[in-house]
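Chemist: Mind looking at a prediction? Sequence and model below.
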Amino acid sequence: MTGLDFSVVWENLPYLWSGLQFSLSLTAVGFAAGMVLGIGLALLQHLEVPVGAQLARGYVALIRSIPLILVLFWFFFLVPLIAGALFNRGRPIPIGGIWTAFITFSLFEAAYYSEIIRVGLRSVHKGQYEAAKALSLSTYKTYRLIVLPQVFRVTSPIILSQTIILFQDTSLVYVLSLTDLVGSASKLAQLNGRLIEMYLTVAAIYLAICCTASQCVAYLRSRTQIVTRP
């Protein structure tokens, strides 16, 4: 341990920063797209839309039963073959690692966010729906103005916790040869032989970001908890 030299970290800080930027970008896109798709899946199940509800349940069950790394492999290798068979006379249509990562993370996280939103929808008291109906509000306005704001308030700590897991899972894109934070540190470590320094630095970065986000979760939980009075 006395031979540690972190000067190599400072010398390659821009490259590590570019890897961190990719990890954060993938997290942001996975969160945004996953939330939109997740809300749609949750509403299909909550409203018991014919056929749509069954498809949504099947999709959520399938995705939650498969490791993310396997979904990445499936999308990267199988989708080009399927797209080629449908649109390019059997010749594969390359998608690329970056598109694979962004699309796969969005689709994968949608299943988890949908379960969080679905549980939140069940927590809204039925009186809220009855009040909206008494005011002659449409289904769209009922959910947009009354139901979903309450759901987000209750589920925000869990949503943020899932987003922390999403950020940690971005390290799996190394299987696609993409340069995220872990990938950039790994390449630098192999180049200069400073494995311990590089991986300690990456661990410290993950620790700082995840601990900060965890404190936000604790703060949100304290703000959104329901206080019962005797």
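Modeler: Arrived safely. Since the structure is predicted, the reported quantities are computational estimates derived from the model, not experimental observations. Numbering: from 1, shown residues only.

Chemist: and the longest helix for the chain?
Modeler: Across the chain, the longest stretch assigned as helix under DSSP state H is helix 13-46.

Chemist: Could I get the phi/psi values of residue 69?
Modeler: phi -60, psi -30 (degrees, to the nearest 10).

Chemist: Contact partners for the residue lying closest to it once chain neighbours are set aside?
Modeler: Spatially, and ignoring its direct neighbours in sequence, residue 69 is nearest to residue 172 (5.2 Å; C-beta to C-beta, 6 or more residues apart in numbering). No exception for glycine: its C-beta is placed from N, CA and C like everyone else's. Neighbouring residues of residue 172 by C-beta atoms under 8 Å, 6 or more residues apart in numbering: 68, 69, 72.

Chemist: Distance of residue 103 relative to residue 78?
Modeler: If you measure residue 103 against residue 78 using C-beta to C-beta, to the nearest Å, the figure is 13 Å.

Chemist: who has more neighbours, these two?
Modeler: residue 103 (16 against 11; other C-beta atoms under 10 Å).

Chemist: Residue 84 and residue 90 touch, don't they?
Modeler: Yes. Contact criterion C-beta atoms under 8 Å: residue 84 and residue 90 qualify, at 5.9 Å.

Chemist: which stretches of this structure aren't confidently modelled?
Modeler: 1-3, 224-230 (pLDDT under 70).

Chemist: again, only using 80
Modeler: Within the chain, the set of residues satisfying pLDDT under 80 comprises 1-8, 88-90, 192-194, 219-230.

Chemist: Helices along that one, start to end?
Modeler: Ranges of helices in the chain, per DSSP H, are 7-11, 13-46, 52-63, 68-87, 97-123, 126-134, 139-141, 148-169, 181-192, 195-224.
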